[in-house]
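Novice: One predicted model, sequence on top.
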Amino acid sequence: LLFRGSFYGLGEKLTAFPSEKRQGQDSLRSLVADRFEVLQRQVRCVTRRGFRYTLCAKTHSMGQLDVGAEGPMDWADAKKVAEYVRTHGITQLIAVFARAAEFEGLSLLWGDEVEYMVVKLDEEKRLARLALRSHDILGPFEEARQRGEVKEDVIWHPEYASYMVESTPQKPFSASLLDFMQVETNMAARRTALQRFLLPGEHVFSIVNFPRLGCPPFTEPPFMPDPAGRVSQSLFLPDEMINHHPRFPALTANIRKRRGSKVAINVPVFRDERTPQPLHEAFIAPAPDALDDHIYLDAMGFGMGCCCLQVTFQASSIAEARYLYDQLAVLTPVFLALSAGSPIFRGMLADVDCRWNVISGSVDDRTAGERGAAPLQPGERLIRKSRYDSIDSYLGGSPHFKDSYNDIAMEIDEEIAQRLVTSGFDVLMARHFAHLFIRDPLVVYKSLLEQDDAKSTLHFENLQSTNWQTMRFKPPPPDSKIGWRVEFRPTEVQMTDYENAAYVVFVVLLTRAFLSTNLNLYIPLSKVDLNMQTAQRREAVKHGQFFFRRDPCGCLPHTCGDDHDPTHEFELMSLDTIINGKEGVFTGLIPIVRTYLAEINADLRARYVIDRYLTLIAKRARGEVMTSAAWMRDFVTHHPDYKHDSVVSEIIAYDLLRRVQDITEGRLHDERLLGPKIECA
């Protein structure tokens, strides 16, 4: 099975065709950019669960990486065919759902995606620069793989920025607990494999945000921003940092053009003893959207240039996928706070610990009218959220679900909703997709407009994959045996493979425990949205209070009637209570996982590895070990060159990354971040 350039049982992210149908499909993908020709020419076969597939063309989490014969349309032309893409996208979705019965009884398959940045460290000058060489790294890597010179069971893929790469396992993990023992080893192998293709001084970092992103010169080779440029028109980021594939510059430019202005993100600055009051920055060009006492960001790259950690699950059925989607949605703010790793933006300490609102704002293509900042123009509607944000509705389908939990006003396309209901979709599922399809397609290829809607999901994925929400519900791709999937998307990437493995294993174990005991975590979705904001606050792990359900085993006796009132089912809890439990308040997610492991009589070797991970999570939740954000903030504020003015200088940034490198590569074990060192058995 194929997933993200690999034989992977989870994703539409790589277009998979049965090998006998390969002819004819290649013609649609014959013009992939030169730097990816090696990937396109590569053909591999794998047998797993009786299915044989070949690699035809790469697709991507932000949409397919196909390039039409004429390249992507400019926004002025793309908006003319937006309704065509929406209409045919829904037709393709209906065709997929018509085959729903074929995807029942599938086994659990799952996998992680870890995003990295490549940084060049100049030891002599004490400078750190983002290396804009991902295309030069991945090509030789794949060539070496074809020659059999890469032995690691890993795959690497391009990402939005030219300094970013993303990795996945080459094969999916299964439900076996023994697979949990391979996650960290596999992550370590990914770094080892890639490092061989880097130049001297270049290193792979799994951190959320480069500390001085937007402080030119911060790239290698050096480039300067061009506020009058063709793509982002940023005051801080050069267009050269964007991946060279035509899709990414087009996506960046079309977001700006559809919006009618550059994106505008204002991150509250961390106020220290000598931080100017008010903080008022002077820029190289007018910046009317910049706010005093905030770190002003003006380009897609500030968000999509961040790295994250995601996990995708294949469910056994559509009902199971809907259940997991809903239960995991409640946990998205919990994992965001626990994984907080981005306290620095554009060379300044921020008064937040997470990237979420930054990345949400970085792709916010809503017009001023749609945002409520100006009168609505003909054809516009008020839209409350960016297309990168938290989910707006539960999918239901579970006996635990009550309509009162969906308490957020959600904009939908009424015609699409009615069409889906007429085609056999239940109301909740119809409204889910009708909400996603209020958006416009941002990258359209004229030569790829004509599709066979019974066999293709190109137009559906155009919109589905550019709704970047905390959770993603993923129907089976055409012409494959891949089933219903859900993607868990909030987690910030961690510095070490140990930490990343811990978060991945924890969320996968939670899904197993939920399915084993049919747990119920539902709370009103408006409370989940409030939790998302709480999760991003500085030191939210220690001081945040989160709405969470008190009884995960069902509904409380006095709330189960027809007139369901959920207000008595939840209360404000600390992350310590949610994760570790508190007598008389909540069982705790880790105790739930430990009970599940005991009930299935888990293998002792797997239990040992898993216990290391659960111990780290438990200590983070109790505040006994730092989050990455707290650790970085502490490093900066105690650096001898720090002036207590919120500024992260070149030298501080270099020293910070050197320390991260020492921890990542095992030369230093900082117990404040990782807890006591525990050797694997």
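Specialist: Good, I have the coordinates.

Novice: residues contacting residue 621?
Specialist: Neighbouring residues of residue 621 by CB atoms under 8 Å, 6 or more residues apart in numbering: 338, 541, 575-576, 578-580. Yep, even glycine has a C-beta here, placed from its N, CA and C like the rest.

Novice: Could you give the number of residues near residue 364?
Specialist: Residue neighbour count, defined by other CB atoms under 10 Å, stands at 22 for residue 364.

Novice: wouldn't residue 406 be in contact with residue 393 here?
Specialist: Yes: using CB atoms under 8 Å, residue 406 is in contact with residue 393, at 5.1 Å.

Novice: shared neighbours, those two?
Specialist: 428, 525.

Novice: Could you list the low-pLDDT ranges of the chain?
Specialist: 1-69, 554-563, 679-681 (pLDDT under 70).

Novice: switch to 50 and redo it
Specialist: Across the chain, the stretches falling below the confidence threshold (pLDDT under 50) are 1-63, 556-558, 681.

Novice: and the longest strand along it, which strands flank it?
Specialist: Counting by DSSP state E, the longest strand found in the chain is strand 109-122. If you go by DSSP bridges, strand 109-122 pairs up with strand 127-131 (antiparallel), strand 164-169 (antiparallel), strand 173-174 (antiparallel), strand 202-205 (antiparallel), strand 309-314 (antiparallel).

Novice: Next, format the ones you listed as a markdown table and append distance to residue 528 and mean neighbour count.
Specialist: Written out in a markdown table, the entries for the strands paired with strand 109-122 read as follows (distance: least, CB to CB, whole Å; neighbours: other CB atoms under 10 Å):
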| stretch | distance to residue 528 | mean neighbour count |
| --- | --- | --- |
| strand 127-131 | 34 | 22 |
| strand 164-169 | 27 | 25 |
| strand 173-174 | 28 | 18 |
| strand 202-205 | 31 | 21 |
| strand 309-314 | 18 | 25 |
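
Novice: so which of those comes closest to residue 94?
Specialist: Taking CB to CB as the measure, the strands paired with strand 109-122 were each checked against residue 94, and strand 309-314 came out nearest at 21.8 Å.

Novice: which residues touch the closest one?
Specialist: Applying CB under 8 Å, 6+ apart, the contact partners of strand 309-314 are 3, 9-11, 61, 106-115, 172, 324, 339, 474, 482-489, 491-494, 500, 503-504, 507-508, 511.

Novice: rerun at 7 Å
Specialist: 9-11, 106, 108-114, 324, 482-483, 485-489, 491-494, 500, 503-504, 507-508, 511 (CB atoms under 7 Å, 6 or more residues apart in numbering).

Novice: Now do that strand: distance to the chain's middle.
Specialist: For strand 309-314, the distance from its own C-alpha centre to the chain's C-alpha centre is 9 Å (CA atoms, centre = their mean, to the nearest Å).

Novice: Report the angle between the helix or strand following it and strand 309-314.
Specialist: Stepping forward along the backbone from strand 309-314, the first helix or strand reached (DSSP states H and E) is helix 318-338. With axes from the mean of the first three to the mean of the last three CA atoms, to 10 degrees defining the directions, helix 318-338 sits at 170 degrees from strand 309-314.

Novice: by contact count, what packs against helix 318-338?
Specialist: In terms of contacts (3 or more CB pairs under 7 Å, 6 or more residues apart in numbering; DSSP states H and E), helix 318-338 is packed against strand 471-474, strand 485-488, helix 497-517, helix 525-535, helix 540-543, helix 575-580, helix 604-622.

Novice: Okay, buried residues for the last one please.
Specialist: Meaning helix 604-622. Neighbour counts over helix 604-622 (16 or more other CB atoms under 10 Å) mark 606-607, 609-610, 612-621 as buried.

Novice: Compute the inter-axis angle for that helix and helix 497-517.
Specialist: Between helix 604-622 and helix 497-517, the angle comes out at 100 degrees (the same axes, to 10 degrees).

Novice: The next helix or strand after helix 604-622: which residues count as buried?
Specialist: Sequence order places helix 628-637 as the next helix or strand after helix 604-622, per DSSP H and E. Buried residues in helix 628-637, counting neighbours by 16+ other CB under 10 Å, are found at 628-633, 635-636.

Novice: Centre of the chain to helix 628-637, how far?
Specialist: In terms of CA atoms, centre = their mean, the gap separating the centre of helix 628-637 from the centre of its chain is 23 Å.

Novice: With stretch 547-554 instead?
Specialist: 26 Å.

Novice: Not counting its own residues, what contacts that stretch?
Specialist: In this structure, residues lying in contact with stretch 547-554 by CB under 7 Å, 6+ apart are 519-523, 527, 530-531, 569-573, 578, 585-587.

Novice: Stretch 270-285 now?
Specialist: Residues from elsewhere that reach stretch 270-285, judged by CB under 7 Å, 6+ apart: 227, 235, 269, 290, 292-293, 296, 349-351, 643-646.

Novice: now those residues in JSON lines, with distance to residue 382 and secondary structure?
Specialist: As requested, the contacts of stretch 270-285 are exported to JSON lines (distance: CB to CB, whole Å; DSSP: H, G, I helix; E, B strand; the rest coil):
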{"residue": "227", "distance to residue 382": "30", "secondary structure": "coil"}
{"residue": "235", "distance to residue 382": "29", "secondary structure": "coil"}
{"residue": "269", "distance to residue 382": "30", "secondary structure": "strand"}
{"residue": "290", "distance to residue 382": "25", "secondary structure": "coil"}
{"residue": "292", "distance to residue 382": "28", "secondary structure": "coil"}
{"residue": "293", "distance to residue 382": "28", "secondary structure": "coil"}
{"residue": "296", "distance to residue 382": "25", "secondary structure": "strand"}
{"residue": "349", "distance to residue 382": "35", "secondary structure": "strand"}
{"residue": "350", "distance to residue 382": "29", "secondary structure": "strand"}
{"residue": "351", "distance to residue 382": "29", "secondary structure": "coil"}
{"residue": "643", "distance to residue 382": "44", "secondary structure": "coil"}
{"residue": "644", "distance to residue 382": "43", "secondary structure": "coil"}
{"residue": "645", "distance to residue 382": "40", "secondary structure": "coil"}
{"residue": "646", "distance to residue 382": "36", "secondary structure": "coil"}
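
Novice: which one of those sits closest to residue 101?
Specialist: Looking at those and their distance to residue 101, the nearest is residue 350, at 49.4 Å (CB to CB).

Novice: Can you turn the buried part of the contacts of strand 309-314 into a ChimeraX selection?
Specialist: If you want just the buried ones from those in ChimeraX, going by 16+ other CB under 10 Å, the selection is:
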select :9,10,11,106,108,109,110,111,112,113,114,324,482,483,485,486,487,488,489,491,492,493,494,500,503,504,507,508,511
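
Novice: isn't residue 469 right up against residue 386?
Specialist: No: the pair residue 469 and residue 386 does not pass the contact test of CB atoms under 7 Å, sitting 9.9 Å apart.

Novice: Next one: the most centrally placed residue in the chain relative to residue 219, how far apart?
Specialist: Central residue of the chain (CA atoms, centre = their mean): residue 489, 4.1 Å from the mean position. Per CB to CB, to the nearest Å, residue 489 is found 27 Å from residue 219.

Novice: Same check on residue 228?
Specialist: Residue 228 sits 19 Å away from residue 219, going by CB to CB.
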